[in-house]
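Trainee: Have a look; sequence and predicted model below, questions after that.
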Amino acid sequence: MVEIRIFRYLVQFFSFRHLLYVALLLCFSTIIFSQNTQNNKSRKKKIELLYADDDFIVKDNVTGKDIHRFVGKVRLAHNEITMSCDSAHFSPDNNQVTAFSKIHIEQGDTLDLYGNYLFYDGKSEQANVRDNVELVDKETHLYTDAIDYDVKNRIARYNTGGRITNAENTLTSIIGVYYVSENLFHFKDSVKIVNPDYIMTADTMDYNTQTETSFFAGPTKVVGDSINLYCEKGWYDTRRDITSIWKNAVIDNRQQIIHGDSLFFNNGTGYGESYRNVVIEDTTNNLIIKGNYAWYYKQPEKFLVTDKAVFIQVSNNDSLFLHADTINAVTIFDSTAVGYRLMKAFHGCRIYSKSLQAKCDSLSYSFQDSVIRFYTLPVIWSEENQLTADSMALFTKNRQADRLELYSSAFVTSEIDTSRHNQIKGRSLTGYFKKNELYKIDIRGNGETIYYLLDGNDLAGVNQTKSARIEILLEKGKISDIFEYENPEGFIDPPDLKKLPEVRLPGYSWLDSLRPKQMSDIFKK
């Protein structure tokens with residue numbers, strides 16, 4: 001009996017709690033439903049007449065219903081808006097107003113809508129304003145022929161062409177939607193922004209009137225005195241003059257043309273960054289720099305490119321390609337305050353052109369004197385000749401090699417066959433070029449040569465000499481004459497094709513396997 005009573009008690013207890021929960025849910029549901037009903041009722045109340053000089057009641061010929069004709073300083077209200085005009089027709093049955101002349105709709109403290117004709121439906125809360133329409137929201141002014149305004153959701157639309165002024169910007173488009181609560185315009189078709197510093201055109205654009213920022217979708221151009229821009233996606237902060245663009249993005253800052261999958265540029269500071277497939281073009285000097293990441297400053301000019309970085313000196317006949325881990329450039333000012341560019345490349349430098357190839361760990365290129373300086377195990381190949389030294393300097397004129405200087409442990413090697421090489425060494429070397437072709441070499445200090453004499457294609461002997469100064473003449477990359485000066489000494493070994501060994505000078509090395517033989521070889525490790 002005790003167990004039965006306890007069971008009954010529990011049943012009663014849980015039944016009571018269940019009924020309590022149901023009652024509470026019903027109560028809350030009733031309250032929520034009541035609030036929703038009140039909200040809906042509050043948004044569906046009749047349009048009210050606040051003032052009119054006269055109110056004439058006439059019968060509608062079609063419906064037979066009463067229509068009010070308000071005349072003179074008419075002022076109406078509905079929900080959170082007020083409407084004023086010179087005259088209006090009001091249909092209480094449909095809760096609709098047709099107003100004429102000097103239309104003015106006010107919503108909140110900031111939005112004003114003007115025109116000469118208005119149709120307003122109190123049920124849908126849609127206002128159609130026509131003829132000389134102006135929408136004003138804080139500092140934003142929209143001018144058009146017709147606006148359809150969703151009062152409840154605060155959305156204005158036009159499709160007959162509009163003009164918007166905001167701060168220093170004037171924007172025009174054929175189609176526009178203004179989300180008032182978000183301070184956001186959406187424009188389509190012939191979109192154009194005119195600013196004192198630039199003109200922007202786009203197919204589709206969003207514009208935030210509060211931040212003065214444009215968002216692009218589709219082909220977009222910005223043309224100004226200091227910058228040209230193209231992209232198909234991105235944004236532009238017109239107030240701070242900052243842009244971030246992608247998809248076929250191009251920026252022309254009047255000194256460089258920058259391409260990339262993604263570009264950022266602050267025109268105020270002149271600083272930019274580029275990501276993936278970066279191309280920087282210097283059209284003045286016919287230079288191109290490529291990589292997958294770059295940063296740059298406009299004034300004074302400087303940049304850094306890395307990740308498959310390539311420097312290209314463009315020439316109609318023989319362009320030069322340089323690859324390194326990192327390529328950067330800075331602007332240097334001389335004693336007369338004239339600036340010039342100094343470019344440096346670091347780690348794994350390789351150069352390819354048709355007439356000249358090179359390899360070193362680092363180099364510098366001065367645009368003041370057009371000299372390329374090579375450091376750390378440099379090697380230069382010109383036609384059949386390999387040149388090595390502790391360091392080198394290549395002097396150029398009109399984008400062509402003019403003179404090459406090798407400092408300390410200069411060594412020139414050229415191949416006769418796979419087992420024999422001509423060799424020339426000395427303390428320093430100067431090579432001279434004509435039309436990018438090496439035609440003369442001067443060796444000064446401790447000069448030594450090993451030169452194989454040929455009779456046609458047959459070996460005639462080996463000439464080994466020493467002298468303080470050696471002059472070598474070349475034709476089409478091949479040694480044609482060797483002259484020794486200042487107490488030369490040497491001998492010629494007769495040929496013995498079976499017994500004649502390979503003769504090598506101290507410091508000899510044959511590095512043909514490292515030579516870039518085509519442009520793509522500059523990326524080989």
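Mentor: Looks like it came in fine. From a predicted model like this one, the values you see are computed outputs, not experimental measurements. Numbers count the residues shown, from 1 in each chain.
Trainee: Skip the chain neighbours and tell me the closest residue to residue 267.
Mentor: residue 241 (4.2 Å; CB to CB, 6 or more residues apart in numbering). Yep, even glycine has a C-beta here, placed from its N, CA and C like the rest.
Trainee: Spit out the contact partners of that neighbour.
Mentor: Going by CB atoms under 8 Å, 6 or more residues apart in numbering, residue 241 touches 197, 266-268.
Trainee: swap in residue 271?
Mentor: 265, 295-298.
Trainee: Ok, residue 81 next?
Mentor: Going by CB under 8 Å, 6+ apart, residue 81 touches 105-107, 151.
Trainee: Please, a ChimeraX command that selects the buried ones among these?
Mentor: To isolate in ChimeraX the members of those that are buried, counting by 16 or more other CB atoms under 10 Å, one can use:
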select :105,107,151
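Trainee: List the ones among the contacts of residue 81 that fall in strands.
Mentor: 105-107 (DSSP state E).
Trainee: Tell me the one among those nearest to residue 145.
Mentor: Relative to residue 145, the closest of the ones in strands among the contacts of residue 81 is residue 105; by CB to CB it sits at 16.5 Å.
Trainee: and the nearest residue to the closest one once chain neighbours are set aside, how many residues sit next to it?
Mentor: Nearest residue to residue 105, sequence neighbours excluded (CB to CB, 6+ apart): residue 113, at 4.1 Å. Counted with other CB atoms under 10 Å, residues neighbouring residue 113 total 24.
Trainee: and residue 113, what element?
Mentor: Using DSSP states H and E, residue 113 maps to strand 111-121.
Trainee: Would you list the strands that that strand pairs with, along with their directions?
Mentor: Sheet pairing for strand 111-121, assigned by DSSP bridges, gives strand 96-107 (antiparallel), strand 126-137 (antiparallel).
Trainee: I'd like those laid out as a markdown table, including mean pLDDT and distance to residue 80.
Mentor: Formatted as a markdown table, the strands paired with strand 111-121 follow (pLDDT from 0 to 100; distance: least, CB to CB, whole Å):
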| stretch | mean pLDDT | distance to residue 80 |
| --- | --- | --- |
| strand 96-107 | 97 | 6 |
| strand 126-137 | 96 | 13 |
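Trainee: Nearest to residue 422 among the ones you listed would be which one?
Mentor: Closest among the strands paired with strand 111-121, once you apply CB to CB, is strand 126-137, at 83.5 Å.
Trainee: With just CA atoms, put that closest one into CSV.
Mentor: What follows is strand 126-137, C-alpha atoms only, in CSV (Å, rounded to 0.1, in the frame of the first residue of the first chain):
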residue,chain,number,x,y,z
GLN,A,126,5.4,51.5,-50.7
ALA,A,127,6.0,55.1,-52.0
ASN,A,128,6.3,55.8,-55.7
VAL,A,129,7.8,59.3,-56.1
ARG,A,130,8.1,60.8,-59.6
ASP,A,131,9.3,64.0,-61.4
ASN,A,132,12.4,65.9,-60.2
VAL,A,133,13.0,63.5,-57.3
GLU,A,134,15.7,64.1,-54.7
LEU,A,135,16.5,61.8,-51.7
VAL,A,136,18.6,63.3,-48.9
ASP,A,137,20.2,61.2,-46.2
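Trainee: Tell me how far it lies from the chain's centre.
Mentor: Distance, stretch centre to chain centre, for strand 126-137: 39 Å (CA atoms, centre = their mean, to the nearest Å).
Trainee: what does that strand contact?
Mentor: Contacts to strand 126-137, defined as CB under 8 Å, 6+ apart, come from residues 103, 105, 110-120, 141-151, 156, 158, 178, 180, 183, 209.
Trainee: try it again with 7 Å
Mentor: Identification of contacts with strand 126-137 by CB atoms under 7 Å, 6 or more residues apart in numbering yields 103, 105, 110-120, 141-151, 156, 180.
Trainee: same thing with stretch 465-480?
Mentor: If you take CB under 7 Å, 6+ apart as the criterion, stretch 465-480 is touched by 382-385, 414, 422, 424, 426, 438-445, 447-449, 451, 481-490.
Trainee: and the end-to-end length of stretch 75-87?
Mentor: End-to-end distance of stretch 75-87: 9 Å, with CA to CA, to the nearest Å as the criterion.
Trainee: Off-centre distance for that stretch?
Mentor: Its chain's C-alpha centre and that of stretch 75-87 lie 50 Å apart, by CA atoms, centre = their mean.
Trainee: And for stretch 227-236?
Mentor: Taking CA atoms, centre = their mean, the mean C-alpha location of stretch 227-236 is offset from the chain mean by 8 Å.
Trainee: swap in stretch 370-377?
Mentor: On the basis of CA atoms, centre = their mean, stretch 370-377 sits 32 Å off its chain's mean C-alpha point.
Trainee: about what we covered before: kindly supply the ChimeraX command isolating those of the contacts of strand 126-137 that are buried.
Mentor: Under the burial definition 16+ other CB under 10 Å, those of the contacts of strand 126-137 that qualify are selected in ChimeraX by:
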select :103,105,111,113,114,115,116,117,118,120,142,143,144,146,147,148,149,150,151,156,180
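Trainee: Relative to residue 328, how far out is the residue nearest to residue 267?
Mentor: According to CB to CB, to the nearest Å, residue 241 and residue 328 sit 25 Å apart.
Trainee: Could you do residue 154 as well?
Mentor: Distance of residue 154 to residue 328, given as CB to CB: 52 Å.
Trainee: Helix, strand or coil: sort out residue 73 for me.
Mentor: Following DSSP: H, G, I helix; E, B strand; the rest coil, residue 73 is assigned to strand.
Trainee: Based on its surroundings, how many neighbours for residue 334?
Mentor: 9.
Trainee: quick one: contacts for the residue nearest to residue 105?
Mentor: Residue 113 makes contacts with 105, 129, 135, 147, 149, as judged by CB under 7 Å, 6+ apart.
Trainee: same thing but at 8 Å, please
Mentor: When contacts are counted by CB under 8 Å, 6+ apart, residue 113 touches 103-107, 127, 129, 133-136, 147, 149, 156.
Trainee: Where do the strands of the stretch 251-400 of the chain begin and end?
Mentor: Per DSSP state E, counting those that start in this stretch, the stretch 251-400 of the chain carries strands over the ranges 257-266, 271-282, 287-297, 302-313, 320-333, 339-352, 357-366, 371-375, 379-382, 385-388, 391-397, 400-417.
Trainee: Where does the prediction get shaky in the stretch 401-525 of the chain?
Mentor: Counting by pLDDT under 70, the stretch 401-525 of the chain contains low-confidence residues at 490-501.
Trainee: Strands of that one, residue ranges please.
Mentor: 420-434, 437-455, 458-475, 478-485, 489-493.
Trainee: Using JSON lines, lay out the ones you listed together with distance to residue 506 and mean neighbour count.
Mentor: Output for the strands of the stretch 401-525 of the chain, formatted as JSON lines (distance: least, CB to CB, whole Å; neighbours: other CB atoms under 10 Å):
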{"stretch": "strand 420-434", "distance to residue 506": "8", "mean neighbour count": "20"}
{"stretch": "strand 437-455", "distance to residue 506": "9", "mean neighbour count": "19"}
{"stretch": "strand 458-475", "distance to residue 506": "12", "mean neighbour count": "17"}
{"stretch": "strand 478-485", "distance to residue 506": "19", "mean neighbour count": "14"}
{"stretch": "strand 489-493", "distance to residue 506": "16", "mean neighbour count": "12"}
